[in-house]
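[1] pasting the sequence and the predicted model now:
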Amino acid sequence: MRSSAVDKGLRTGVVFGIIIVTMFLIGFTVTGAELVGKILGTPSSSPSLLFFSIFMILVGAWAGASASARPLVEVDTWKRALTTGVWAGAMSGLFSAVIGFLFGELISNKIDPRTYLPSVSPESIKMFLFNQTPLTGSLILFSMLTVSGLAAAALSFFVRNNDSVKSSKRKASESVWSVIRSQRVSNVVQNKYTRYGSLLAFAILLIILPRVWGGYWNYVLGTVGIYIILGLGINIITGWAGQLVIGYVAFFAVGAYTFALLTAPEPHHLMMNFWIALGLGVLAAGISGLLIGLPILNLRGDYLAIVTLGFAEIIRILLKSDLMTAYTAGPRGIRDIAGPTIFGKPFNSDVDFMYLIIIAVLVVTFLANRLQNSRTGKAWYAINLDETVARATGINTFASKLLALSLSAAVAGLAGVLFASRNQFTGPDDHALMVSINVLCLVIVGGIGNIPGIFLGAFVLKGLPEVLRETESYRLLIFGVLLIVMMRLRPEGFLPAKRPELEKPAVQNLPGKEG
Amino acid sequence: MSTCIETKEVSKIFGGLTAVNAVDVVVPENIIASIIGPNGAGKTTLFNCISGYYTPEHGQIEFYGMPIQGQPTYAVATMGIARTYQNIRLFGDMTAIENIMVGQYPRFKASWVDAVLSTRRERDEEKQSIQESSRLLKFVGLEGLGDNLARNLPYGAQRRLEIARALANKPRLLLLDEPTAGMNPQETGNMTHFIRNLRDELGITILLIEHDMRVVMDISDQITVLDYGTKIAEGKPKSIQSNQKVIEAYLGPDVTSLTKKYQLRKKQRYDVKS
Amino acid sequence: MFWGLPQHLLWQSPHLLKRRQYFMDKPTSTSAQVRLRLERYIRTFAGIVIGVFLLWRVYNVIVLQHNFGADTWVRFGLAGLILGGMYALIAIGYTLVYGIMFMINFAHGEVMMLGAFGGFFTFEALRFIHAPTLANPELNFLNAHPFVSVLLAFLVGISVSATTGYFLERIAYRPLRKAPRLILLITAIGASIFLQNLAMLLFGPQRKNVVNPDILDRGAGWILKVSGNDVLISYTGIFSLVLSTLLMIGLYNLVQRTKLGRAMRAVASDRNTASLMGVDVDSVISKTFMISGALAGAAGVMWDIHMGLVNHYTGFLPGIKAFTAAVMGGIGNIPGAMLGGMLLGVIEAIGPAALGIDFQLKDVIAFSILVLVLIVRPSGILGEKLSEEKL
């Protein structure tokens, strides 16, 4: 009879074993080693075995720690922790060893796996086996994972249960909290001068930094800014009004293309002023939202989502087709789109554009903030929570949703204009479904329905991959996993939306003669 | 005394099932009218017809003389009809005071443009809204709980919050669907008193679906009894209590013969004793 | 105690005493009805305009310009039927899952793609096994035993897809059984992205050529003479069509006649009551996912054999088109999914030529049908009206 501790260990081990094998097959083991090297501050183009070892140890430790996590029903003992840890480590080690051995044998027989598995290069196999023979390498893998699993299990048990560790943890958190809650700190935070001061400092930073940190950062953070705008836009219709719109990129495309067609020398040679074209682009996007919304907004949630996907794809295919080339320049896209100008002088250096994006972000944030707790915003959230009852309380839900979609579309249009203008080029491939998915991801991960969450999501999901260049090819994979995991664990996002406190301040401000 | 709401031969048919069958109900204003009947008699369906969720297949519904059958729910709400639900349907993830503020939606005018530009209208209405909502919270006894999420409130508080949300609309007609469901006798007594006060202090007409007969007999000015979608009796509480058809609807058709048998048995025992 | 009932009036507004002014506004009772009727008129009018326009185009192309002879139509029609059979199998998968869990399994296209890869790898593996005979010393297993090979490919493809469907349900969907539908949809989208990219990272973004056994060579088949020209009725095409029909018949019988099918219909109807009647709901749902996956896997292997190209993106478009087909036929309705699939295949094949538009825009036809069906008749051709919620 196997005990349940062994069971748990084996099960966790199998899961992690599969994860390791998959990572190996997609080449993530190499990337993981590179990441470790980068985090440790020694960026080298070829990851060393040390980093790889650290990476595998970390994975093994994770396996051991999660296997030996505090059990729900049984008693948490040394024996159980160690058993689960060792079995988890051993199982994942077994998987890794077998796979490593197999592939090692393959390359020793001069078979290159890359015909069928392009990510499994001979170099990655060699690294996986610590540059040893297949047998030795796999044995090293096995032992490394087993030991790290065991060690991590022991360590986590110790941290969980040892009294001195627990008390010092408690003391540390208490002291931190007492500082946070202390009167002096709250006085400082609420002090008018601190607030204005920090706002001023922030504004100065926003002005100085774009000049200082160079073109690369301006570009990256500019993209983050555009995605913040997109996120705030989709937040209106999806976060507040609760209507999932997968085809959001359609409005982005309308804005970008309208602007492009109005300002590029071909195909129409209209060469409009930047600002007028910007306004028209936003307006066109808003109107497109209105038009698309009219027939679809009384559809049920998932149907609505798919219909918008249909619209977005239709628009993209039409833009790409030869049929519409006379109007939309077809698959080649539109070039030489105007940059911004202020009173005739060009304003389109990367620093200037960064300022433009910053201003746009501030404007949209201000808009969103105002809408959030207004009567309209509450109506949207009511529709989200229970549309039938919202209707029964007197809200014209169709009109309200239509308004939300139009505003969302207009914001997307703004983002599209900025995007097209910055790249001075736009084509049908810029408006694929992936943009929508990106925006949805960042809103969902960051925090549905609240503004700081969207900022967080944009920085994490757009900024981080830029910084962690190595993970570029794995970005979408990680997105997929993130979506699944977030929906399971924390559907409201990392920074969940909080409802405003309305009664308390009102009561404090009322004169005291209420009966 | 004008008629608040009147249904004229209203019928609602779902496929093969006639849920409401040519029901005529006349409710004068400023009274408490109850609609009772066994489960499945069509009471909530009638409510749904009045509040605009369903469109009756036949018949008319007139609210202060204006036909409202077939109107969408939000128009009906804007006209001054508010309702509560059998299983409480609050906006759970909003705070209590926000729920009430949503109830006030039809009465205010600030649009999104006002919100963005932060016009005087927006600011004034916001202030007024919060003040009124606070007062409503106090009225239903939830003062201080306004910033709690609605789904975190205890059951009785949720029921009261739902009524507060309905009242926020300043309705002329209030449809209450089983307001005392799940309450103990004391809470029921409070609710009864509260409903009576709504009629007396605020001049609202109240249409009530209720299963607790004590409540019904206590506060109703008028009772309509439905069974299998048809109106089988209407009148003052006293007459309904002794109405044969009503008793049979609730207790079954054999009740008359049972009552006779019982009374005969009682008489026999009495005769034997003496 | 009482709820702090104030004895003074609750609202300090003077209107309260003046009943007339208590009214919000005096809505014209017909305004909403007028709007609804207007909406209906606009819809019918738009429908008629679009219909007339399409018919005019078709008439133009077929009769007036006479660009294509009857042989082209037969060719297209046949291609459409073959494609439609595959769409139908995938569409049944969507409909089964929707019927039983009320969710759109956005990752279903990827399930088909993985099955296609399974079939591909089987063929590749068998291609490299030597099975020399006296007549042909270079023979490989694939060509020596083609029927066995094809059977094996189907088995592998179906197993891979069914397993994927099973794990998808266990890992991603089951924990969210009680969650709102949109969360399920987002999870499904996440799963779709994950599987697509996993396949891309594992197998590379290039499209792979599927090498059929020689007897199933894609260019081989019977020749039919139509209006003077040759129309090829390919072996692979007929094979796919026959097999999809058989599978559809098989599935229909499974759902209508077997105990499992009854259980599936019960759970789709009313999950709680089915559970009270002793049906193991979890097991039935798992099996439904496996069956839907199996069908998609079969379609995937058929795709391998008939189309010959596979990569991580292979499942995306057929997935969406099959979903369109399922909705067109009435989501939750199995014969509807079959009908929708065949219909969509034929429309997609004949459409561009008949309407005189570019073949590039073939997908626009499918997406437009999707949009139109959802807007005009979301219950589909054979579907029932969705029941209203209980108030």
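    Structure received. Residues are numbered from 1 along each chain as shown, chains lettered A, B, ... in the order given.
[2] how much space separates the closest residue to chain C within the stretch 51-200 of chain B from B:Gly203?
    In the stretch 51-200 of chain B, no residue comes nearer to chain C than B:Gly141, which is 3.1 Å away by Cβ to the nearest Cβ. Just so you know, the C-beta spots here come from the backbone N, C-alpha and C atoms, and that holds for glycine as well. B:Gly141 is 21 Å from B:Gly203, where distance means Cβ to Cβ, to the nearest Å.
[3] for the residue of the stretch 51-200 of chain A at minimum distance from chain C, phi and psi?
    Nearest residue of the stretch 51-200 of chain A to chain C (Cβ to the nearest Cβ) works out as A:Pro118 at 3.7 Å. Main-chain dihedrals, A:Pro118, degrees, to the nearest 10: phi -60, psi -20.
[4] so it touches C:Lys208, yeah?
    No: using Cβ atoms under 8 Å as the test, A:Pro118 is too far from C:Lys208 to be in contact (10.8 Å).
[5] what parts of the stretch 101-250 of chain B come near chain C?
    B:106-107, B:132, B:135-136, B:138-141, B:143, B:160, B:170, B:172, B:190, B:193-194, B:197, B:201-203 (Cβ under 8 Å from any Cβ of the partner chain).
[6] and these, which are buried?
    B:106-107, B:132, B:135-136, B:138-141, B:143, B:160, B:170, B:172, B:190, B:194, B:197, B:201-202 (16 or more other Cβ atoms under 10 Å in any protein chain shown).
[7] among the residues you listed, which ones lie close to chain A?
    Applying Cβ under 8 Å from any Cβ to those, one finds that B:106, B:135, B:138 fall near chain A.
[8] among those residues, which ones are in helices?
    B:135, B:138 (DSSP state H).
[9] and stretch B:243-253, how far from the chain's centre?
    Taking Cα atoms, centre = their mean, to the nearest Å, one finds the center of stretch B:243-253 at 23 Å from the center of the full chain.
[10] that should have said stretch C:308-326, apologies.
    Centroid separation for stretch C:308-326 versus its chain: 8 Å, with Cα atoms, centre = their mean.
[11] again, but for stretch B:90-107
    In terms of Cα atoms, centre = their mean, the centre of stretch B:90-107 is found 19 Å from the chain centre.
[12] cool, stretch C:114-126 as well?
    Using Cα atoms, centre = their mean, the offset of stretch C:114-126 from its chain centre is 22 Å.
[13] now stretch C:135-150
    Here the centre of stretch C:135-150 is set off from its chain's centre by 35 Å, with Cα atoms, centre = their mean.
[14] and the contacts of that stretch?
    Residues outside stretch C:135-150 that contact it (Cβ atoms under 8 Å, 6 or more residues apart in numbering or on different chains): C:122-123, C:126-133, C:211, C:213-216, C:305.
[15] go with 7 Å
    C:123, C:126-133, C:213-216 (Cβ atoms under 7 Å, 6 or more residues apart in numbering or on different chains).
[16] so the lowest-mean-pLDDT helix or strand in chain C, near chain A or not?
    Ranking every helix and strand in chain C by mean pLDDT, DSSP states H and E puts helix C:31-59 at the bottom, with a mean of 75. No: under the criterion of Cβ under 7 Å from any Cβ of the partner chain, helix C:31-59 makes no contact with chain A; the nearest approach is 7.8 Å.
[17] from the contact counts, what lies against that helix?
    Judged by 3 or more Cβ pairs under 7 Å, 6 or more residues apart in numbering or on different chains; DSSP states H and E, the packing partners of helix C:31-59 are helix C:334-355.
[18] mean confidence for the following helix or strand past the helix it packs on?
    Next helix or strand after helix C:334-355 toward the C-terminus (DSSP states H and E): helix C:362-376. Regarding helix C:362-376, the rounded mean pLDDT is 87.
[19] mind listing the strands for the chain?
    In the absence of a named chain, chain A is used. With DSSP state E as the criterion, chain A has strands at A:334-335, A:341-342, A:345-346, A:425-426.
[20] let me rephrase: I mean chain C.
    In chain C, strands defined by DSSP E lie at C:208-209, C:221-226, C:229-234, C:309-310, listed in chain order.
[21] got it, and the stretch 101-250 of chain B?
    Secondary structure of the stretch 101-250 of chain B, counting by DSSP state E, counting those that start in this stretch: strands at B:173-177, B:205-209, B:222-227, B:230-235.
[22] just checking: what are the partner strands of the last one?
    In this case it means strand B:230-235. Take DSSP bridges as the rule and strand B:230-235 pairs in its sheet with strand B:222-227 (antiparallel).
[23] go on, the second one?
    Strand pairing for strand B:205-209, determined by DSSP bridges: strand B:32-36 (parallel), strand B:173-177 (parallel).
[24] A:Arg114 and A:Ser121 touch, don't they?
    Yes: counting by Cβ atoms under 7 Å, A:Ser121 is a contact partner of A:Arg114 at 6.3 Å.
[25] rewinding a little: the residue of the stretch 51-200 of chain B closest to chain C contacts B:Arg159, doesn't it?
    No: if you go by Cβ under 7 Å, B:Gly141 and B:Arg159 don't touch, sitting 11.1 Å apart.
[26] so where is the stretch 201-350 of chain A shaky, pLDDT-wise?
    Counting by pLDDT under 70, the stretch 201-350 of chain A contains low-confidence ranges at A:266, A:336-339, A:343-345, A:347-348.
[27] so what does the residue of the stretch 1-150 of chain C found nearest chain A look like in phi/psi?
    For the stretch 1-150 of chain C and chain A, the shortest gap (Cβ to the nearest Cβ) falls at C:Ile104, measuring 5.2 Å. Note on C:Ile104: its backbone torsions stand at phi -90, psi 120 [degrees, to the nearest 10].
[28] and if you look at B:Gln60?
    phi -130, psi 150.
[29] so how many other residues sit close to it?
    B:Gln60: 14 surrounding residues under other Cβ atoms under 10 Å in any protein chain shown.
[30] just A:Ile228 next, same as before
    With other Cβ under 10 Å as criterion, A:Ile228 counts 28.
[31] surely it touches A:Val361?
    Yes: between A:Ile228 and A:Val361 there is a contact at 5.4 Å, judged by Cβ under 7 Å.
[32] please parse chain A into its domains.
    Following automatic domain parsing, one finds the domains of chain A at A:4-168, A:200-499.
[33] start and end of the last one, how far apart?
    Between the opening and closing residues of domain A:200-499 we find a distance of 28 Å, counting by Cα to Cα, to the nearest Å.
[34] and chain C, is that domain touching that?
    Yes: judged by Cβ under 7 Å from any Cβ, domain A:200-499 and chain C are in contact via A:244, A:295-296, A:299, A:301-303, A:305-307, A:310-311, A:313-314, A:317-318, A:321-323, A:388, A:437, A:444, A:473, A:476-477, A:479-481, A:483-484, A:487-488, A:491.
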